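Student: Sequence first, predicted model second:
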Amino acid sequence: MGTMACLTFTSCIGFLDSIQLSRSPSAKLTSFSVSKATYLRVSQDAFSPTQESHSNSNPVIGNHDLLIVGPGVLGRLVAQNWREENPSCQVYGQTMTSDHHKDLIQLGINPSLNWTEGTHKFSNIIYCAPPSRTPDYAGNVRLAALSWNREGSFVFTSSSAPYNCNDNGSCNEDSPVVPIGRSPRVDVLLKAENVVLESGGCVLRLAGLYISFY
């Protein structure tokens, strides 16, 4: 079985570093922080932002490469930190549409619509896509799990919604969870989480998913 943790948004990056190429299910993680902003260099060999170029590409996936399913705000921050820790790695991003592929390429992320639908196997996968864009969220998460070769880490970013806490009090990974069947919205997350845990991956229930612009 996989692991479960409850973290704040800014703690997520440190958590990912702590589990990179680590598969210990008994690890207890408490607090992490991001000390500084990181930036990416744009690769001159980045893929062109077309579905055809990516569906026909056959990249060699390295042990330190990373697939981000849903490279939005959180996914892009993860990519920045991952590339700083692993300068020679490749970061891949799977999206629902090609609308932001040019932006992703400028950030050094190789985008595609179907990385998890091919024969590619990745050592490290983080699933950041929200459930609002697909009718079969658990099924999409399962595809990502099947693309994991189990040599690194598979992380699913959930939210604090499954916790049965409505009094603005504190909660952690041991807090009570809303039973399946009470809330259709929470059921979607719980079923996706179960797919991840059954595959041996890690579930992060994040709170405070927002950023500040200065």
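Tutor: Arrived safely.
Student: what about Ser183, neighbour count?
Tutor: By other C-beta atoms under 10 Å, 15 other residues sit near Ser183. The way it works is simple: take the backbone N, C-alpha and C, and place the C-beta from them, glycine included.
Student: for this protein, what spans make up the strands?
Tutor: Using DSSP state E, the strands of the chain run over 3-8, 66-69, 91-94, 109-112, 122-127, 148-159, 202-207.
Student: would JSON lines of the ones you listed with mean neighbour count be doable?
Tutor: Converted to JSON lines, the strands of the chain look like this (neighbours: other C-beta atoms under 10 Å):
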{"stretch": "strand 3-8", "mean neighbour count": "20"}
{"stretch": "strand 66-69", "mean neighbour count": "27"}
{"stretch": "strand 91-94", "mean neighbour count": "26"}
{"stretch": "strand 109-112", "mean neighbour count": "26"}
{"stretch": "strand 122-127", "mean neighbour count": "25"}
{"stretch": "strand 148-159", "mean neighbour count": "20"}
{"stretch": "strand 202-207", "mean neighbour count": "22"}
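Student: Mean pLDDT and distance to Gly181 for these - can I get that in a markdown table?
Tutor: Formatted as a markdown table, those follow (pLDDT from 0 to 100; distance: least, C-beta to C-beta, whole Å):
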| stretch | mean pLDDT | distance to Gly181 |
| --- | --- | --- |
| strand 3-8 | 58 | 20 |
| strand 66-69 | 96 | 27 |
| strand 91-94 | 94 | 31 |
| strand 109-112 | 92 | 36 |
| strand 122-127 | 96 | 24 |
| strand 148-159 | 94 | 18 |
| strand 202-207 | 90 | 19 |
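Student: CSV please, covering these and showing distance to Glu84.
Tutor: Shown next, in CSV, are the strands of the chain (distance: least, C-beta to C-beta, whole Å):
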stretch, distance to Glu84
strand 3-8, 20
strand 66-69, 12
strand 91-94, 11
strand 109-112, 14
strand 122-127, 15
strand 148-159, 17
strand 202-207, 20
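Student: for those strands, which one sits closest to Val188?
Tutor: Checking the strands of the chain against Val188 by C-beta to C-beta gives strand 148-159 as the closest, at 10.1 Å.
Student: Tell me the spacing between Phe122 and Asn63.
Tutor: Distance from Phe122 to Asn63, counting by C-beta to C-beta, to the nearest Å: 10 Å.
Student: where do the contact lists of the two overlap?
Tutor: The contact sets of Phe122 and Asn63 overlap at Gly152 (C-beta atoms under 8 Å, 6 or more residues apart in numbering).
Student: who's sitting farthest from the centroid in this protein?
Tutor: Ranked by distance from the centre of the chain (C-alpha atoms, centre = their mean), the top residue is Asp167, with 28.7 Å.
Student: and that one, how far is that from Ser175?
Tutor: Using C-beta to C-beta, we find Asp167 at a distance of 12 Å from Ser175.
Student: Then Ala79?
Tutor: 30 Å.
Student: Also Gly72?
Tutor: Distance of Gly72 to Ser175, computed by C-beta to C-beta: 27 Å.
Student: One more: Thr134?
Tutor: Counting by C-beta to C-beta - Thr134 and Ser175 are separated by 28 Å.
Student: sorry, back to before: neighbour count winner among Ala79 and Ser175?
Tutor: Neighbour count, other C-beta under 10 Å: between Ala79 and Ser175, Ala79 has more, with 24 against 15.
Student: check contacts around the closest residue in space to that one that isn't next to it in sequence.
Tutor: Among residues not flanking Ala79 along the chain, Val91 sits closest, at 4.8 Å (C-beta to C-beta, 6 or more residues apart in numbering). By C-beta under 8 Å, 6+ apart, the contact list for Val91 reads Asp65, Leu66, Ile68, Ala79, Trp82, Arg83, Gly108, Ile109, Asn110.
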